[in-house]
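Engineer: Requesting a structural model of the entry that follows:
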Amino acid sequence: MTGDSASDARLDPAPEQIRAMGAAAIELVANYLGSLEERPLMPVTTRREVRAEFDVALPVEGTDFSSLLAVIESAVIPNMRHNAHPRFFGYIASPGTAATALADLIASTLNPTVTSWRSAPAAAELETMTVDWIKEILGYPESALGLYVSGGSLANLSALAVARESALATSVVKSGLQATARPLRLYLATEGHHSTAKAAALLGIGYDNVCPIAVDRERRMDVAHLIRSIDADLAAGHQPFCVVASAGTTATGAVDPLAAIAEVAAQYGLWFHVDACYGGFAALSPAIRRTFAGIERSNSVSLDPHKWLYVPGDCGCVLYRDPAAARATFGHDADYIRVIGQEPPEAFAFWDCGPELSRRFRALKVWMMFKHVGTRALGGAVEANCDCAEYAGRLIAEAEDLELLAPIGLSVFCFRFVPPGRAEPAESGEERNRRLNALNEKLLAVLQRQGNSYVSNAEVDGRFALRGCVLNYRTTRQDMEILLDDVRRAGAEVVRTHP
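Structural biologist: Residues are numbered from 1 along each chain as shown. Have a look, this model is predicted:
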């Protein structure tokens, strides 16, 4: 039994229908990107109000494509936070580009399952080619292996799984965690990303065996404290196995002293992993690349092209120095995935190197970005982002009503609003800090609701910080000035309504 002609046409439209649908969709996209700066950054709404914009009943009959585009334009776009806005400084979110979004459209149209070379030869070649380019950018060895995953969390999980397997004389992949005689210990700075600790929990290492390492005044891992922690664990009969450094922390953008940590890891025989999900692609800038000296000595690296490479999500990347270690962790024999009748390199399978079997064609948008824009322009955009953050830092440091709370790290800046003349004569430092924390927390909510600029928050030495990250090629120094004016306006409102 076949469906009616309208349903058939919607499942398999004719080329002229596809052209009309595509033209209408591209018009919507162009209008959206062209009006970004006029849109409120964040909708002021509720879940009930958003849901009321949609017909929630399960659709039995189909709807015209043009009608659905109208719903997207009237109900979806206005109820989104607009990460591509030049004054969106919250979190670490890429604006994407038009060309890479179109590459994603083409990849979704082809819709290959990039499990192995035989499944999608061109997709597999583009993945290995673009990963080779990433290795070259970082100075990573040509012999290393890499692949794309959904994002930094899965990249960190994959790297730590290989680290765990490599640390043990008996394979945990084969025999399970009961094969471990001593608790495995992993070292992470207190500013490190929570996905590392979460990965340790999922891998059976446990949150309690993630050892927090103090940071210095620059918010970087304290190498002396790292050494003391390793020595203490060895004396207690534990098994240190991995140290994770950050090439750009989420809270302040700090880059750990990678070369010094590499030395410690080599001295103690530890796996050295670098979480470069935020900052790694800053190596596209010749002026910044030296900041990452030592990353080439790591055993594994995680990166996010969907952050500072300006590629749409989802697209993370993991690199392994030793391909054999990755295959020992993820390789699996099953008849339904056995490659027949092919010789290396065509017999290559991505499932032997990472946790995913079904995989999207992520490489096309990465290839499009590199080829369409080029590394020189990408490096220039990264430098411009960092310049905007440094400029904001100077303005904050010079202002009487703003306080810079941490050194500028890459393109991250942390500060707070300090209204002049508000201190009580007998107010202690601790009382002042509590008051400013409460004030700035209210300020953040007001600023986000006003919709002209958006920052997130962080904690810096017990102080509530307004945290901004510049990760948008549209952002200019003028946007930083507008942000600080918006902060002052929001601060004045808070002071007025909460005297």
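Engineer: pLDDT (mean, whole number) over stretch 241-253?
Structural biologist: Taken as a whole, stretch 241-253 has a mean pLDDT of 97.
Engineer: Quick one, grab the pLDDT at Arg496.
Structural biologist: 89.
Engineer: element containing it?
Structural biologist: Taking DSSP states H and E as the definition, Arg496 sits inside helix 477-497.
Engineer: Now do that helix: which elements does it pack against?
Structural biologist: helix 375-398, strand 412-417, helix 429-450 (3 or more C-beta pairs under 8 Å, 6 or more residues apart in numbering; DSSP states H and E). In this view, the C-beta of every residue, glycine as well, is placed from N, C-alpha and C.
Engineer: one more time with 10 Å
Structural biologist: helix 375-398, strand 402-404, strand 412-417, helix 429-450, strand 463-469 (3 or more C-beta pairs under 10 Å, 6 or more residues apart in numbering; DSSP states H and E).
Engineer: Paired strands for the second one, with orientation please.
Structural biologist: So that's strand 402-404. With DSSP bridges as the test, strand 402-404 is paired with strand 412-417 (antiparallel).
Engineer: residues of stretch 375-388 that come out buried?
Structural biologist: 378-379, 381-388 (16 or more other C-beta atoms under 10 Å).
Engineer: Only C-alpha atoms, please: export the helix holding Arg496 in CSV.
Structural biologist: Extracted in CSV, the C-alpha atoms of helix 477-497 (Å, rounded to 0.1, in the frame of the first residue of the first chain):
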residue,chain,number,x,y,z
ARG,A,477,36.4,46.9,20.1
GLN,A,478,33.2,49.0,19.9
ASP,A,479,31.2,46.0,21.1
MET,A,480,33.4,45.8,24.2
GLU,A,481,32.6,49.5,24.9
ILE,A,482,28.9,48.8,24.4
LEU,A,483,29.1,45.8,26.8
LEU,A,484,30.6,47.9,29.6
ASP,A,485,28.0,50.6,29.1
ASP,A,486,25.3,47.9,29.3
VAL,A,487,26.9,46.5,32.5
ARG,A,488,26.9,50.0,34.0
ARG,A,489,23.2,50.4,33.0
ALA,A,490,22.3,47.1,34.5
GLY,A,491,24.3,47.9,37.6
ALA,A,492,22.5,51.2,38.1
GLU,A,493,19.2,49.4,37.9
VAL,A,494,20.2,46.9,40.5
VAL,A,495,21.5,49.6,42.8
ARG,A,496,18.3,51.6,42.3
THR,A,497,16.0,48.7,43.0
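Engineer: could you check the angle strand 412-417 makes with it?
Structural biologist: Here helix 477-497 runs at 30 degrees with respect to strand 412-417, directions being taken by axes from the mean of the first three to the mean of the last three C-alpha atoms, to 10 degrees.
Engineer: How far does helix 477-497 sit from its chain's centre?
Structural biologist: Taking C-alpha atoms, centre = their mean, to the nearest Å, the mean C-alpha location of helix 477-497 is offset from the chain mean by 27 Å.
Engineer: show me where pLDDT drops low in the stretch 301-450 of the chain?
Structural biologist: 333-344, 422-425 (pLDDT under 70).
Engineer: residue contacts, Glu346?
Structural biologist: By C-beta atoms under 10 Å, 6 or more residues apart in numbering, Glu346 lies in contact with 116-118, 121, 124, 339.
Engineer: neighbour-wise, which of those residues leads?
Structural biologist: Greatest neighbour count in the contacts of Glu346, by other C-beta atoms under 10 Å, goes to Ala124: 24 neighbours.
Engineer: Nearest spatial neighbour of it, chain-adjacent residues omitted?
Structural biologist: Closest residue to Ala124 apart from its sequence neighbours, by C-beta to C-beta, 6 or more residues apart in numbering: Trp117 at 4.4 Å.
Engineer: does that neighbour really touch Pro345, like I thought?
Structural biologist: Yes: counting by C-beta atoms under 10 Å, Trp117 touches Pro345, with 7.0 Å between them.
Engineer: Which neighbours do those two have in common?
Structural biologist: Common contacts of Trp117 and Pro345 (C-beta under 10 Å, 6+ apart): 124-125, 128.
Engineer: Neighbours of Cys353, how many?
Structural biologist: Neighbour number of Cys353 under other C-beta under 10 Å is 21.
Engineer: no, scratch that, I was asking about Ser175
Structural biologist: 11.
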